[in-house]
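Visitor: what's the 3D shape of this:
(one chain, ligands or ions: 1)
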Amino acid sequence: MASEIQTLITFFGATGDLAKRMLYPAVFNLYKKGYLQKHFAVVGTARQDITTDEFREMVRHSIDADGKQDSAQVNDFLKHFSYCASDVTEASGYHDLRATIDAAEKEFDIPGNRIFYMSVAPRFFGTIAQYLKSEDLLAKQGFNRLMIEKPFGTSYETAEALQNELEAAFNDDQLYRIDHFLGKEMVLNIAPIRFGNPVLAAAWNKDFIKNVQVTLAETLGVEERAGYYDTAGALLDMIQNHAMQIVGWLAMETPKSFKDQDIRDAKNAAFSSLKIYDEAEVNRYFVRGQYGAGQSPDQKAYTQEPDVPADSKNNTYIAGELQFNMPRWEGVPFYVRSGKRMAKKTTRVDVVFKAGTLPLGAAQEPQETVLTIVVSPDEKIQMTLNAKDVSDTYSTHLIDLDWEPTAAEKAATPAPYERMIHDAMDGNGSNFADWHGVATAWKFTDAISKVYAENKAPLETYPSGSMGPKAADELLARNGDHWVFQG
Ligand code: NAD
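Guide: Here you go, the predicted structure:
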């Protein structure tokens, strides 16, 4: 049994979809593993006027809808839950909430250690942070930490305004900005693979790596999210946050230690050197696309989808090249792409190593080799190597070294939200988006958004069910590269 981390977690938006689907199951898993035992409490707050008993039944349903859990364990767990209805925009609501938190802290003998999880609309993040301070909800002893859902702003300007509001009440090291891709097991695997293998650590630079590719491909279309998605597109929905955060792990300098601040510093060394593009460079290094109709009748073109304006220029696909002006990465392109209605759903990283030469007089030169980390929906690590053909010559062909977790390992893998809540309890910020990285990502994508908003870049159409526009292939071909994952 793990050792207990005595914590009081307050969930804002406690009756919401995310809380029910992800957050309570995550907390229950931490309880089952022993990270939460006796000295913990969960306080839920939202607008709905429900009782603590009704709240507990809601949580029971979320963690044990099919009744297969140990009911005594579920009941013991639920005893630690209480509820307080409040409107986050009104100071008065925080007084009742403070009383509920104080009572829970006393009942379960918790030494401060408060986490406030904001699972509400982003417009409330700053307001809640400020009221937590002004209405005296912060613990006097132990820690106070704020977990912040996404999105963190909609531009650099709005993100900075939010950051200022948060910093009026909290220090930056108390802020845990969630990007759930950073909690995925295979994204967490990037650092151990890169730094835990001296051979790869030594080769992780321009001398050995030809390019790096991050692909976040979805097969679904816009579905019911047109209202939001038409204002965000793939650039803000996937690239600005998830793709850039994954790139952070790949491009970072070697950290001084694996403490969170050193990891952030090492990532920020890379982010600080990211080249922000002007209009001509946006056109040269980025491709935007929008899906057209596909083969099947239910694959409508984006502009035919419900609630999408017929003249929408929104990007449902983005591919681009990032450049880091640092000695480690001189001349090495980092390609990112993300799209809806693509041929195959996948999140993956491909690190392409330069081809060597074979001094043995073979007819065929060795090829580039690739380290692939498949994040989802499968989980896999693959590495190709040049090896000798079964023949009289020293010709080579690529062989595959493959690993994937067993079914038992998959079942035991913590879900991203469990990982992130656990890390926040532990005070480990390694797997959260740091302000400097978020700010850089916004500056980078704002420069692209501006060109697109002014319609100063072509909008390529690609057929639903394809891997995106041809222009995205040409983007790589120009450098003598190609997308490793072809669908
Ligand atoms: P939701 O609409 O299902 O729930 C919103 C919650 O906020 C409800 O509990 C509601 O009572 C509460 N609320 C609304 N206005 C309030 C007010 N004035 N005072 C107090 N409480 C109020 O939303 P959700 O899907 O659970 O999303 C919550 C957050 O998580 C959002 O920031 C969203 O961007 C983010 N998010 C959600 C998902 C998801 O899968 N649902 C995924 C990623 C991020």
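Visitor: from here on, contacts and neighbour counts on C-alpha atoms
Guide: Noted.
Visitor: List the contacts of stretch 348-358.
Guide: 208-216, 365-376, 484 (Cα atoms under 8 Å, 6 or more residues apart in numbering).
Visitor: for stretch 377-393, same thing?
Guide: 186, 345-347, 362-363, 366-367, 369-374, 394-405.
Visitor: switch to 6 Å and redo it
Guide: Under the criterion Cα atoms under 6 Å, 6 or more residues apart in numbering, residues 369-374, 394-404 lie in contact with stretch 377-393.
Visitor: Weed out the non-buried ones from these.
Guide: For the contacts of stretch 377-393, a burial check counting by 16 or more other Cα atoms under 10 Å picks out 369, 370, 371, 372, 373, 374, 394, 395, 396, 397, 398.
Visitor: which residues of the protein score low on pLDDT?
Guide: Where the chain drops to pLDDT under 70, the residues are 359-363.
Visitor: where does residue 139 fall, phi/psi-wise?
Guide: Here is the backbone geometry of residue 139 (degrees, to the nearest 10): phi -70, psi 140.
Visitor: and if you look at residue 65?
Guide: Torsion angles, degrees, to the nearest 10, at residue 65: phi -60, psi -40.
Visitor: Let me see the contact set for it.
Guide: So residue 65 contacts nothing (Cα under 6 Å, 6+ apart).
Visitor: Before we go further, residue 347 is sitting in a strand, right?
Guide: Yes - the assignment for residue 347 by DSSP: H, G, I helix; E, B strand; the rest coil puts it in a strand.
Visitor: Can you report how many residues neighbour it?
Guide: Taking other Cα atoms under 10 Å as the criterion, the count of residues near residue 347 is 22.
Visitor: what about it, distance to residue 187?
Guide: 10 Å (Cα to Cα, to the nearest Å).
Visitor: Tell me the buried residues in stretch 107-124?
Guide: For stretch 107-124, burial by neighbour count (16+ other Cα under 10 Å) applies to 108, 110-120, 122.
Visitor: ah, wrong one, I meant stretch 443-463
Guide: 443-449, 451-452, 457, 459-463.
Visitor: Over to stretch 126-142?
Guide: 126, 127, 128, 129, 130, 131, 132, 137, 138, 139.
Visitor: likewise stretch 70-82?
Guide: Neighbour counts over stretch 70-82 (16+ other Cα under 10 Å) mark 74, 77, 78, 80, 81, 82 as buried.
Visitor: farthest residue from the center of the chain?
Guide: residue 392 (49.0 Å; Cα atoms, centre = their mean).
Visitor: thinking again about what came up before, out of the buried residues of stretch 107-124, list just those in strands.
Guide: 114, 115, 116, 117, 118 (DSSP state E).
Visitor: Can you classify residue 300 as helix, strand or coil?
Guide: Classified using three-state DSSP, residue 300 is coil.
Visitor: ok, it to residue 449 distance?
Guide: 25 Å.
Visitor: cool, residue 162 as well?
Guide: 20 Å.
Visitor: Now the element after the host helix or strand of residue 370, going C-ward?
Guide: In this structure, residue 370 sits in strand 369-376 according to DSSP states H and E. As assigned by DSSP H and E, the chain's next helix or strand after strand 369-376 is strand 380-388.
Visitor: Compute the inter-axis angle for the very next helix or strand once past that following strand and strand 380-388.
Guide: Next helix or strand after strand 380-388 toward the C-terminus (DSSP H and E): strand 396-403. If you take axes from the mean of the first three to the mean of the last three Cα atoms, to 10 degrees, strand 396-403 sits at 150 degrees to strand 380-388.
Visitor: What is the three-state secondary structure of residue 58?
Guide: Assignment for residue 58 (three-state DSSP): helix.
Visitor: so how far is residue 400 from it?
Guide: Residue 58 is 48 Å from residue 400, by Cα to Cα.
Visitor: Could you do residue 162 as well?
Guide: Computed as Cα to Cα, the residue 162 to residue 400 distance reads 47 Å.
Visitor: do the same with residue 301
Guide: 38 Å.
Visitor: How about the contacts made by the residue nearest to residue 143 when sequence neighbours are not counted?
Guide: Of all residues beyond its chain neighbours, the one nearest residue 143 is residue 113 (4.4 Å), with distances taken as Cα to Cα, 6 or more residues apart in numbering. Taking Cα under 6 Å, 6+ apart as the criterion, residue 113 is in contact with 7, 142, 143, 144.
Visitor: Do you have the strands of the stretch 101-250 of the chain handy? List them.
Guide: 114-118, 144-148, 175-177, 209-217 (DSSP state E, counting those that start in this stretch).
Visitor: Quick one: those as JSON lines, columns for distance to the ligand too.
Guide: Formatted as JSON lines, the strands of the stretch 101-250 of the chain follow (distance: least, Cα to the nearest ligand atom, whole Å):
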{"stretch": "strand 114-118", "distance to the ligand": "7"}
{"stretch": "strand 144-148", "distance to the ligand": "8"}
{"stretch": "strand 175-177", "distance to the ligand": "11"}
{"stretch": "strand 209-217", "distance to the ligand": "16"}
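Visitor: export those to JSON lines and tack on distance to residue 291?
Guide: Formatted as JSON lines, the strands of the stretch 101-250 of the chain follow (distance: least, Cα to Cα, whole Å):
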{"stretch": "strand 114-118", "distance to residue 291": "34"}
{"stretch": "strand 144-148", "distance to residue 291": "32"}
{"stretch": "strand 175-177", "distance to residue 291": "31"}
{"stretch": "strand 209-217", "distance to residue 291": "13"}
